[in-house]
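>>> my questions concern the predicted model and sequence given below.
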Amino acid sequence: MKQAIDTSPSRRQVLRLAAFAAASAVPAKAANAEELSRETNGSHVPADGVSTFESVWRTVRDHFYDPRHNGLDWPAVRERYLSDVERATSEDSVARVINAMLSELHASHTHFYTPDEPEYYQLADIFVGALRRRGLERAFPDGHISYPGIGIISASEKDARHTITAIIDGTPAQQAGLRPGDEIIAADGTAFEPIGSFRGKVGKTVVLEIHRDGSDRQISVVPVDIEPNKMFLRGLESSARIIESDTRRVGYVHVWCYAGSIYQRALEYLLSQGTLKDADALIWDLRDGWGGAQPEYLDLFNARAPTMQVTDRSGKSELVNVKWRKPVAMLINGGTRSGKEVLAYGFKKYQLGELIGTRTEGAVLAATAFLIGSGLLLLAVEDVRVDGERLEGVGVTPTIEVEASAASAESDDPQLSRAVEVLSGT
């Protein structure tokens, strides 16, 4: 993002930033901030690592939510890491130094991503509205934000293996039979890279070597050109299904990203007119993915408010203020973050249903993003309290704690199974 941030946004802007909302940009505040924006994101910044490091350091100095930098001597921190970045020989090694420096702030929503990471593209698409005014064309000349991939969320290990933590519904990874818990060892015989392994291979078969259940196996997958927001929306829609139990038809839907009202509208359609309209109960899965939710999304479960149906002269009808008046349970885990945690907090506090799973991440600071060098800096710029409570570093505990299994196919997802049992009264 290239435009300077406003250090006193409205409450709605704060919540949107805290939840990774992308639709609204925060206006420029002052000339010196505008100069910083050009300095850190404009074409004058050379691509070398030291310039990138210095720009990140200055951006944190001027815009981090705590002017005391959580008690750090920020100039001294710069000096400690400067020699490391001067010795860095690649974008990846520069990013490692920058992120080591940022980790000393002990703050969520504060990380530097490179084009070798899916998060770089996902956040660029989430913040696209603001990035159009902050030099989006420098990173994406045609304005098209996408990356080659298969639709997984993974965590890297020190031995270069990547463990799949979640699989977006309706993606090549799901279609190929990959599962959470799989360790990806190699792709086409070389070490696996989340982006690099699929560059130049969109539409072509890639053979992944994975480790599952104590043995190695090969799985073929065909990567696609992923547009993040479209992937997350299709993932929500593809996840919707009815789970038959002995006593009830339990609806299930997984909201992978909440950064925009389009996801809530899609959910309302599924509940009122789509796949889930005849369900007797609902499982609202907010595990993993990105935040973006607004507190008012909980009004979906306010049984005391009416729903309207409006019909125009052509006979086209639309439901307004959709409500779900049947039992509901929410699934959460350590990957539930940001605005989703605000929903989890309210869901629990106001006793809308059972909260099932494990404690949420505790990542509830307000953030914005900057394009710096060849990377993207996500930076916490505001503190956030919910009903007077600070959830940062605390998270939300479930009402029913259920640990996840190593693999989470529907048949062995204990959190999902427990939610079905609760809603079925068994």
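Perfect, thanks for sending it.
>>> can you say which helix or strand has Ser154 in it?
According to DSSP states H and E, Ser154 maps onto strand 152-156.
>>> now do Leu371
Here Leu371, judged by DSSP H and E, is contained in strand 366-372.
>>> burial of the residue nearest to Asp116 when sequence neighbours are not counted, as a residue count?
Nearest non-adjacent residue to Asp116, counting by Cβ to Cβ, 6 or more residues apart in numbering: Ile195, 5.1 Å away. Yep, even glycine has a C-beta here, placed from its N, CA and C like the rest. The local packing of Ile195 (other Cβ atoms under 10 Å) involves 17 other residues.
>>> now the one 10 residues further on
Around Thr205 sit 11 other residues, with neighbours defined as other Cβ under 10 Å.
>>> pretty sure it contacts Ser220?
Yes - taking contacts as Cβ atoms under 8 Å, Thr205 lies within contact range of Ser220: 5.2 Å.
>>> centroid-nearest residue for the chain?
Trp290 (1.8 Å; Cα atoms, centre = their mean).
>>> check which helix or strand the nearest residue in space to that residue that is not next to it in sequence maps to.
Once flanking residues are discounted, Trp290 sits nearest to Cys257: 4.4 Å by Cβ to Cβ, 6+ apart. Using DSSP H and E, Cys257 maps to neither a helix nor a strand.
>>> follow-up on the earlier one: quick one: strands adjacent to the strand holding Leu371?
The sheet places strand 366-372 alongside strand 375-382 (antiparallel), with pairing taken from DSSP bridges.
>>> circling back: in the strand holding Ser154, what's buried?
Neighbour-count burial for strand 152-156 flags 152-154 (criterion: 16 or more other Cβ atoms under 10 Å).
>>> what residues does the helix or strand hosting Val422 touch?
If you go by DSSP H and E, Val422 is part of helix 414-424. Residues outside helix 414-424 that contact it (Cβ atoms under 8 Å, 6 or more residues apart in numbering): 243, 245-248, 250, 252, 281-283, 285, 287, 327-329, 331, 333, 354, 356-358, 400, 402-405, 408, 410.
>>> which is the next helix or strand following the strand holding Ser154?
strand 162-167.
>>> other residues contacting that next one?
For strand 162-167, contacts defined as Cβ under 8 Å, 6+ apart pick out 151-157, 173-174, 178-184, 192, 194, 287-289, 335, 408.
>>> just the buried subset of those residues, written out for ChimeraX, thanks.
To isolate the buried members of these in ChimeraX, using 16+ other Cβ under 10 Å:
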select :151,152,153,154,173,174,178,179,180,181,182,183,184,192,194,287,288,289,335,408
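>>> run a quick neighbour tally on Leu298.
Count around Leu298 with other Cβ under 10 Å applied: 18.
>>> quick one, phi/psi of the residue lying closest to it once chain neighbours are set aside?
Once flanking residues are discounted, Leu298 sits nearest to Gly346: 4.9 Å by Cβ to Cβ, 6+ apart. Main-chain torsions, Gly346, degrees, to the nearest 10: phi -70, psi -40.
>>> enumerate every residue touching Gly346.
Neighbours of Gly346 in contact, by Cβ under 8 Å, 6+ apart: 295, 298, 352, 386-387.
>>> how about TSV for those residues, with distance to Arg132 and pLDDT added?
Compiled in TSV, these are given as follows (distance: Cβ to Cβ, whole Å; pLDDT from 0 to 100):
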residue	distance to Arg132	pLDDT
Pro295	27	94
Leu298	31	95
Leu352	37	96
Val386	30	96
Asp387	34	96
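>>> quick one, which of these are buried?
Buried by 16+ other Cβ under 10 Å: 295, 298, 352, 386, out of the contacts of Gly346.
>>> from those residues, which two are the most distant?
Spatially, the most separated pair among the buried ones among the contacts of Gly346 is Leu352 and Val386, at 15.2 Å (Cβ to Cβ).
>>> burial count for the closest residue to His111 other than its chain neighbours?
Nearest non-adjacent residue to His111, counting by Cβ to Cβ, 6+ apart: Leu378, 5.3 Å away. Residues within reach of Leu378, counting by other Cβ under 10 Å, total 22.
>>> what about the stretch 301-426 of the chain, any weak spots by pLDDT?
406-411 (pLDDT under 70).
>>> how near is Thr205 to Asp188?
Applying Cβ to Cβ, to the nearest Å, the value for Thr205 to Asp188 is 9 Å.
>>> hmm, I was thinking of Leu352
Leu352 is 47 Å from Asp188, by Cβ to Cβ.
>>> try Tyr258
Tyr258 sits 35 Å away from Asp188, going by Cβ to Cβ.
>>> can you list the domain ranges for this protein.
Domain ranges of the chain: 11-139, 147-225, 228-364+386-424, per automatic domain parsing.
>>> nearest to Leu371, out of these?
Leu371 lies closest, by Cβ to Cβ, to one member of the domains of the chain: domain 11-139, at 4.9 Å.
>>> after the host helix or strand of Arg265, which helix or strand is next?
In this structure, Arg265 sits in helix 261-272 according to DSSP H and E. Next helix or strand after helix 261-272 toward the C-terminus (DSSP H and E): strand 281-285.
>>> so what strands line up beside that next one?
Strand pairing (DSSP bridges) places strand 281-285 next to strand 249-254 (parallel), strand 328-332 (parallel).
>>> OK, contacts around Glu183?
Glu183 sits next to 157, 161-164, 210-212 when contact means Cβ under 8 Å, 6+ apart.
>>> quick one: the helices in the stretch 101-250 of the chain?
118-126, 128-131, 136-139, 172-176, 228-239 (DSSP state H, counting those that start in this stretch).
>>> can you check the pLDDT for Ala23?
For Ala23, the model assigns a pLDDT of 34.
>>> show me where the stretch 301-426 of the chain has helices.
339-349, 414-424.
>>> restrict the last one to CA atoms and write it as CSV.
The C-alpha coordinates for helix 414-424 follow below in CSV (Å, rounded to 0.1, in the frame of the first residue of the first chain):
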residue,chain,number,x,y,z
PRO,A,414,-13.0,-34.9,15.9
GLN,A,415,-14.0,-31.2,16.2
LEU,A,416,-16.5,-31.5,13.4
SER,A,417,-17.7,-34.8,14.7
ARG,A,418,-18.3,-33.4,18.2
ALA,A,419,-20.2,-30.5,16.7
VAL,A,420,-22.5,-32.9,14.8
GLU,A,421,-23.0,-34.8,18.1
VAL,A,422,-23.9,-31.7,20.0
LEU,A,423,-26.3,-30.4,17.5
SER,A,424,-27.9,-33.9,17.1
